[in-house]
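>>> build me a model from this:
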Amino acid sequence: MREKVQLLGRRSWRSSTASHRTTKAANPPRTRPIFWIIIAVVFVPALIFFLVRGGGQGGGRGIEWSPGLAAVCTFWGLFGLLVLAGWLSRRTLPKRLYEAAKAKGAVHDLTVLISPERLTASTGLSTTIMDWSLVEHVGQTDEHIFICTDASAGFTIPKRAFNSNADAIMFLETAERYWNARRAR
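You can find the predicted model right below:
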């Protein structure tokens with residue numbers, strides 16, 4: 001009996017729409033970064049205005065702004081904006097780079113097909129066929145499956161490319177079984 005397991009997905013940080021929907025349903029919704037930007041732009045100046053004016057309708061003393069206090073507040077405000085900009089770019093840059101590469105045709109869907117005899121990886125441009133004897137390690141982390149051909153090369157398959165975690169585990173176990181069978185020979 002010839003058993004084959006096939007993985008269809010994309011090499012990207014979001015492997016497929018279906019699996020992304022599954023991931024989103026499993027995790028609680030997160031607040032968008034724009035929410036925090038609006039909070040910073042609207043409420044921080046309002047708070048400063050409130051403090052400068054004396055804390056309310058009845059007036060009052062308020063804060064006496066010395067040049068040193070103004071410099072410290074300006075420094076920390078700019079530092080906060082810099083940290084926020086760095087955080088936003090770190091989160092969005094990989095997606096923008098992937099979309100640009102996909103638009104240029106540099107990134108294609110990746111299909112990995114495993115059978116007892118060989119491992120086949122195909123994209124729109126090329127196909128790689130290799131015997132299991134060339135594979136040095138099959139392993140996993142919480143988010144990825146690795147099929148390593150040497151210390152610095154191999155296939156990284158995101159688990160989110162599968163329809164379910166059970167499918168990812170089945171693929172990993174099958175790959176390990178084929179790899180161990182080939183090593184035992």
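>>> residue 129 - that's part of a strand, no?
Yes - looking at residue 129 with DSSP: H, G, I helix; E, B strand; the rest coil, it is inside a strand.
>>> can I see the domain layout of the protein?
Annotated domains of the chain cover 5-25+108-184, 28-104 [automatic domain parsing].
>>> give me the contacts around stretch 138-148.
The contact list for stretch 138-148, computed with Cβ atoms under 8 Å, 6 or more residues apart in numbering, reads 112, 119, 135-137, 154-160, 168, 171-172, 175-176, 179. Where you see a C-beta, it was placed from the backbone N, CA and C, and this is true even at glycine.
>>> again, only this time at 6 Å
By Cβ atoms under 6 Å, 6 or more residues apart in numbering, the residues outside stretch 138-148 that reach it are 135-137, 154-159, 172, 175-176, 179.
>>> tell me how far it lies from the chain's centre.
The gap between where stretch 138-148 is centred and where its chain is centred comes out at 16 Å by Cα atoms, centre = their mean, to the nearest Å.
>>> in CSV, list the C-alpha atoms belonging to that stretch.
This file holds the C-alpha atoms of stretch 138-148, laid out as CSV (Å, rounded to 0.1, in the frame of the first residue of the first chain):
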residue,chain,number,x,y,z
VAL,A,138,12.4,15.9,11.0
GLY,A,139,11.2,18.0,14.0
GLN,A,140,8.8,20.6,15.2
THR,A,141,8.2,23.6,17.4
ASP,A,142,4.9,25.0,18.6
GLU,A,143,4.3,26.8,15.3
HIS,A,144,6.3,25.0,12.6
ILE,A,145,7.4,21.6,11.2
PHE,A,146,11.0,21.3,10.0
ILE,A,147,12.4,18.9,7.5
CYS,A,148,16.1,19.6,7.5
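>>> give me the buried positions along that stretch.
Neighbour-count burial for stretch 138-148, counted by 16 or more other Cβ atoms under 10 Å, picks out 138, 140, 145, 147.
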